[in-house]
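[1] fold the following and give me the result.
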Amino acid sequence: MNPRVTVVVPTHGRPELVRRALASVDGQLEPGEVEVVVVHDREDPDPTLAEVVPRHPLRVLVNERTPGLAGGRNTGILAATAPHVAFLDDDDEWLPGKLAAQLAAMERADAAAATCGIEVRAGDRHRTRTPVADRLTHDGFLLDRMTEVHPSTLVIERELLIAIGMVDETLPGSYAEDYDLLLRLSSVAELAVVPQTLTIVHWHRASFFAERWRTIDDALEHLLEQHPDFAGCPKGLARIRGQQAFASAATGDRRRALRLAAEATRLDWRQRRSVLALAVAAGLPASSVVRFANATGRGI
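    All right, here's what the predicted structure looks like:
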């Protein structure tokens, strides 16, 4: 068998959700064209998962690299035997025809990667978001994270993934590992866009305790160090500083939050995260802001 796509599914602590994700893979392409690699992170492997994907071969591995999402993704990339790698988070789903549409789009555009539209489900709220093709440039990603280009939408040539260093395992908590990958990918390759909603992204109510916010702040600082070209994109840098200001405010570090919010405002006076950071520093619960943002299909 020579599969065209290896589907990499990192998982941790979601035995029921990963089965739902795998069930959505079973209808992709023709039998023999897809292989599935499930990578268990900090947990015992579940060999019974193969029962969920009867049409495609499935391997169950253990993440033996850096613990966390980045190490899990890289374990799957290195284990892949197909020329293309597709990521699927264990709590998301694909709609029928996703992989076929993306491979066709990559061939038409002679592109090394592809994405598609998403439906964000947060509780009983559903919102669709589709990438705009002419924005998917490196400059576009510096300006805006474009959350519609979700990891669960991506199909990328395996050789290119390895050439650009795969997923950064040094990012604290694996936070923003997908954004970092998109920045590096878009600097050397074109992403084709399938303007259809073919991926369902489930947003869950997260518990952002103080240590988690510190991890986010540290990860964003690491991201800026790895991508000095943010210095040439004031609005993009303002967005990152605004996120850091919010994270600092959420941990109670009011002085750092005010300093970062002021920097973000100098860079872009319309940066809304500066205002949100100031509100949290003044006593508004960060969790309330996050819940409201998620309910509208957005993040901080």
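
[2] residues contacting the closest residue to Arg129 other than its chain neighbours?
    Among residues not flanking Arg129 along the chain, Glu148 sits closest, at 3.9 Å (C-beta to C-beta, 6 or more residues apart in numbering). The C-beta positions use only the backbone N, C-alpha and C, and glycine is treated the same way. Applying C-beta atoms under 8 Å, 6 or more residues apart in numbering to Glu148 gives the contacts Thr115, Gly117, Ile118, Arg129, Thr130, Pro131.

[3] and of the residues you listed, the nearest to Asn74?
    Distance to Asn74, by C-beta to C-beta, is smallest for Thr115 among the contacts of Glu148, at 20.1 Å.

[4] given the helix or strand that closest one falls within, what are its sheet partners and their directions?
    Assigned by DSSP states H and E, Thr115 belongs to strand 113-122. Strand 113-122 has the following sheet partners, assigned by DSSP bridges: strand 125-129 (antiparallel), strand 155-157 (antiparallel), strand 191-202 (parallel).

[5] mean confidence for the longest one?
    Looking back up the chat, that one is strand 191-202. The average pLDDT within strand 191-202 is 96.

[6] may I have that strand as PDB, with CA atoms only?
    This file holds the C-alpha atoms of strand 191-202, laid out as PDB (Å, rounded to 0.1, in the frame of the first residue of the first chain):
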ATOM      1  CA  LEU A 191      -1.200  27.500   0.900                       C
ATOM      2  CA  ALA A 192      -4.100  26.500  -1.400                       C
ATOM      3  CA  VAL A 193      -7.600  27.300   0.000                       C
ATOM      4  CA  VAL A 194     -10.700  25.200  -0.500                       C
ATOM      5  CA  PRO A 195     -13.500  27.700   0.100                       C
ATOM      6  CA  GLN A 196     -15.800  25.200   1.700                       C
ATOM      7  CA  THR A 197     -16.600  24.300   5.300                       C
ATOM      8  CA  LEU A 198     -15.000  20.900   5.600                       C
ATOM      9  CA  THR A 199     -13.800  20.800   9.200                       C
ATOM     10  CA  ILE A 200     -15.800  21.100  12.500                       C
ATOM     11  CA  VAL A 201     -13.800  22.700  15.300                       C
ATOM     12  CA  HIS A 202     -15.200  22.200  18.800                       C
END
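
[7] what does it contact?
    Outside of strand 191-202, the residues that reach it under the criterion C-beta under 8 Å, 6+ apart are 17, 24, 89, 91-95, 97-98, 101-102, 105-106, 108-109, 111, 113-122, 128, 130-133, 136, 149-150, 152-153, 185.

[8] surely the residue nearest to Arg129 is within a helix?
    No - using DSSP: H, G, I helix; E, B strand; the rest coil, the assignment for Glu148 is coil, not a helix.

[9] remind me which residues of this structure are low pLDDT?
    Residues of the chain that meet the criterion pLDDT under 70 lie in 1, 205-210, 293-299.

[10] what's in contact with whichever strand or helix holds Ser274?
    Here Ser274, judged by DSSP H and E, is contained in helix 272-281. Contact with helix 272-281 is made by 238-239, 242-243, 245-246, 248-250, 254, 257-258, 260-262, 264-265, 286, 289, 300, as judged by C-beta under 8 Å, 6+ apart.
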